[in-house]
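> Provided below are the primary sequence and the corresponding predicted coordinates.
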Amino acid sequence: MAESTKSSPPRIGFFGGSFDPIHIGHISLAQQAIQLARLDTLLLCPAFHAPLRIEKPYFSTQTRLRILEKIAQEIPQFKICTLEIEKQKICYTFETIKEVQLQYPDSTILLLLGADQFNRLHEWKFHQELAEHCQFLVFSRNGQEVTPPAIPQLSYQLVKNELIDCSSTEIRKRLKAGRSVDHLIPSAAYPFINQNPNHS
């Protein structure tokens, strides 16, 4: 009689953000996560409006979503999570993670965060519940110090690989000044950004 073998649960990465717009640093981080954490799927979840962000997104919801969908066509492990955009309101990460768990039952959920976000995790709403429902994959940019917040059941993996120094804020500044951003964004985003002066 053959022995039964238990397969390990699928590993699902969750990468949320405004992606306003997504840039090569985001893509590099996501691809590192897939490789280093052995992710089966990486969910890119654009926020309708991030809870801790004051200003409204520079690019429209539809433009940000279309760019992500185009990128996902080129990277097999990427999938787009539209849970927050569909609600058209501010969503808290824990609420979204709960819905992701319903879509991917019996999976291990890993939440991708930068070190600066992770260090302030205790300021997030539902941070304790979040720690109970997922693990964290923390990226430290260029040796940035990581100070784990004192949250019970917090489980995380630290990634110290060198990250590309790029930000959506810098891209928006360059666009407003009429400067090129082609070297900062994935090629799939070119048509949506360079031919979209009204960002709508």
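Nice, thanks for sending it over.
> contacts for the strand or helix carrying Leu111, please.
Per DSSP states H and E: Leu111 is located in strand 108-114. Residues from elsewhere that reach strand 108-114 (CB atoms under 8 Å, 6 or more residues apart in numbering): 9-16, 29-30, 33, 37, 39, 93, 97, 100-101, 121, 130, 133-139, 141, 157. (Each C-beta comes from the backbone N, C-alpha and C, glycine too.)
> gap between it and the chain center?
8 Å (CA atoms, centre = their mean, to the nearest Å).
> cool, and stretch 145-153?
20 Å.
> before we move on, what about stretch 70-81?
13 Å.
> what strands line up against the strand holding Leu111, and which way round?
strand 11-17 (parallel), strand 135-139 (parallel) (DSSP bridges).
> what are the contacting residues of the first one?
Right, strand 11-17. Contacts for strand 11-17 (CB under 8 Å, 6+ apart): 26, 29-30, 33-34, 37-47, 50, 81, 84, 93, 96-97, 100, 104, 107-112, 134, 137.
> go on, stretch 50-57?
Contact with stretch 50-57 is made by Gly17, Ser18, Asp20, Ala47, His49, Arg64, Ile90, Cys91, Tyr92, Lys125, as judged by CB under 8 Å, 6+ apart.
> now swap in stretch 64-80 and tell me
18-22, 27, 30-31, 34, 39-46, 57, 82, 85, 186, 188-189, 192-193.
> and for stretch 183-199?
21-24, 27, 58-60, 63, 66-67, 70-71, 73-74, 166, 170-171, 174-175, 181-182.
> mind checking which of the residues you listed are buried?
21-23, 27, 58-59, 63, 66-67, 70-71, 166, 171, 175, 181 (16 or more other CB atoms under 10 Å).
> mind checking which of those are in helices?
Ile27, Thr63, Arg66, Ile67, Lys70, Ile71, Ile171, Leu175 (DSSP state H).
> next, format the residues you listed as TSV and append pLDDT.
Listed next are these as TSV, based on pLDDT from 0 to 100:
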residue	pLDDT
Ile27	95
Thr63	94
Arg66	95
Ile67	96
Lys70	96
Ile71	96
Ile171	94
Leu175	93
